[in-house]
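Undergrad: Kindly return the folded structure for what I paste below:
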Amino acid sequence: MLTKRDYLDLTPAAARAQWESILARRPVETGRQVDFVPIETLLCLAAMYLVNHRKFGGSTSHKAPEPVPSLATLFCRRNSSVLAKMANLDGSRKNGARHEVEVAAFLLPQPHELAVRYDLILTAARAVGIGPDRLPDFLHTEDEGSDLFLFGQEELVESELEAAVEDESKRWLESRDDLEAQDTERLLVAAARVGQHRFARDVLHNHGHQCVFCGLSIMAAGTRARRMLVASHIKPWRDCTSAERLDVRNGLTACPTHDVAFDTGLITVNGGLRIHVTVDLARVAESDPAARAAFGRPPLAERLLLPVGAALPNETYLTWHHENIYHGPVPGTFAIS
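TA: Prediction:
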């Protein structure tokens, strides 16, 4: 019988032995599959930083993106089995083992702790001959180190997170007598943080990793400069529905200066994607060289700088920002053009 310690106290020798057992498997076409060993479960947990398993049901499991297909092939399982294990881990399926939920509640909120175990598993895989072609380093820690960075966390406020999950936590506890209140709350908060990470990552990709207001791009500077761009919501996270929080069209990529200016209502964007500055800020930019260096034109663009083919900001979110946050009138239309 596995316990939480089999996952949290995983040793290199145990990881290598588990890989050897996986390599000896044969695909199971029908009937019950072998139980997941800890390294499989931990890799499924790590995959949750990239893949929202709730988007894929039984009939769409074949559409799940990497690393799900690679993990399924390596484990001699179906995509649906990997996705089901991910659902067990986040507590959304009632048939998940309690110790696995406890492991997820401990590791998901602590990316560094999960990265340490991910690195151990990856090293053990390489030691038994499993190369990047069969098990890609999908968290990119081999090249970038064990600092598993979550994007978009600066937008989340702890008190707002706790308030957002409070009602959902109560509903879970009413129907799940197998879960502890503390584990439930930790899982729900972690799920919100991981969802924010995936949202921010998708927004950054959608905008070509450049500030949509001034064009600042730091891709060539390497991973150390990744915090120089922020991907946050147009309609703030605290005011969003669950679906709006994950909608890439509710996000803008910006350098820190223009991100704060947008969040505080000093600049806004109309439906024609034109960038507008408050009268007071424009006046300051005319007389102050430092302000002009950030809010003059240039560097501030006339319209959002978006790559060809990018998903455009949704007009509904832009209207919400104009009406609720921006400190001034916006000339022009709110029709996306």
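Undergrad: only C-alpha atoms for contact and neighbour calcs from this point on.
TA: OK.
Undergrad: Look at residue 118 and give its secondary structure.
TA: Following DSSP: H, G, I helix; E, B strand; the rest coil, residue 118 is assigned to helix.
Undergrad: what's around it, how many residues?
TA: For residue 118, the count of nearby residues is 21 (other C-alpha atoms under 10 Å).
Undergrad: Over to residue 72?
TA: Around residue 72 there are 19 residues (other C-alpha under 10 Å).
Undergrad: For this protein, which helix extends over the most residues?
TA: The residue-count maximum for a helix in the chain (DSSP state H) belongs to helix 181-206.
Undergrad: quick check: mean pLDDT across it?
TA: The average pLDDT within helix 181-206 is 87.
Undergrad: helices or strands up against it?
TA: Judged by 3 or more C-alpha pairs under 8 Å, 6 or more residues apart in numbering; DSSP states H and E, the packing partners of helix 181-206 are helix 98-107, helix 158-175, strand 230-233, strand 251-254.
Undergrad: Report the buried residues of that helix.
TA: Buried residues in helix 181-206, counting neighbours by 16 or more other C-alpha atoms under 10 Å, are found at 183-206.
Undergrad: next one: stretch 277-297
TA: Here stretch 277-297 shows 277, 278, 281, 282, 285, 292, 295, 296 as buried, counting by 16+ other C-alpha under 10 Å.
Undergrad: coming back round to it: how far off helix 98-107 does the longest helix of the chain point, in degrees?
TA: 60 degrees (axes from the mean of the first three to the mean of the last three C-alpha atoms, to 10 degrees).
Undergrad: Could you pull up the residues touching residue 79?
TA: By C-alpha atoms under 8 Å, 6 or more residues apart in numbering, residue 79 lies in contact with 61, 62, 64, 68, 69, 72.
Undergrad: Can you tell me how far the closest residue to residue 210 other than its chain neighbours is from residue 206?
TA: In this structure, residue 210 finds its nearest non-sequential neighbour in residue 217, 4.3 Å apart by C-alpha to C-alpha, 6 or more residues apart in numbering. As judged by C-alpha to C-alpha, to the nearest Å, residue 217 and residue 206 stand 13 Å apart.
Undergrad: Ok, residue 283 next?
TA: 33 Å.
Undergrad: do the same with residue 253
TA: 9 Å.
Undergrad: and what of residue 251?
TA: According to C-alpha to C-alpha, residue 251 and residue 206 sit 9 Å apart.
Undergrad: likewise residue 34?
TA: For residue 34 relative to residue 206 (C-alpha to C-alpha), the value is 40 Å.
Undergrad: now swap in residue 200 and tell me
TA: 10 Å.
Undergrad: got it, and residue 182?
TA: 36 Å.
Undergrad: Residue 110 too?
TA: 27 Å.
Undergrad: for residue 8, same thing?
TA: Counting by C-alpha to C-alpha, the gap from residue 8 to residue 206 is 36 Å.
Undergrad: any idea how this structure splits into domains?
TA: In terms of domains, the chain is parsed into 5-144, 153-324 (source: automatic domain parsing).
Undergrad: Just the buried subset of the contacts of residue 79, please.
TA: Of the members of the contacts of residue 79, the ones counted as buried by neighbours, 16+ other C-alpha under 10 Å, are 61, 64, 68, 69, 72.
Undergrad: Now residue 27. Nearest residue, chain neighbours left out?
TA: The shortest distance from residue 27 to any non-neighbouring residue, by C-alpha to C-alpha, 6+ apart, is to residue 76 (4.8 Å).
Undergrad: which SS class is residue 77?
TA: Per three-state DSSP, residue 77 ends up coil.
Undergrad: That one against residue 32, yeah?
TA: No. Here residue 77 lies out of contact with residue 32, judged by C-alpha atoms under 8 Å, at a distance of 10.7 Å.
Undergrad: Among the two, which residue is more densely surrounded?
TA: Between residue 77 and residue 32, counted using other C-alpha under 10 Å, residue 77 has the larger neighbour count: 19 against 7.
Undergrad: And the pLDDT for that one?
TA: Model confidence at residue 77 (pLDDT) stands at 94.
Undergrad: Ignoring the adjacent residues along the chain, who's closest to it?
TA: residue 27 (6.6 Å).
Undergrad: how would you label that neighbour: helix, strand or coil?
TA: coil.
Undergrad: returning to that earlier point: format the buried ones among the contacts of residue 79 as JSON lines; extra columns: distance to residue 91 and pLDDT.
TA: Output for the buried ones among the contacts of residue 79, formatted as JSON lines (distance: C-alpha to C-alpha, whole Å; pLDDT from 0 to 100):
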{"residue": "61", "distance to residue 91": "19", "pLDDT": "91"}
{"residue": "64", "distance to residue 91": "20", "pLDDT": "94"}
{"residue": "68", "distance to residue 91": "19", "pLDDT": "97"}
{"residue": "69", "distance to residue 91": "22", "pLDDT": "96"}
{"residue": "72", "distance to residue 91": "21", "pLDDT": "95"}
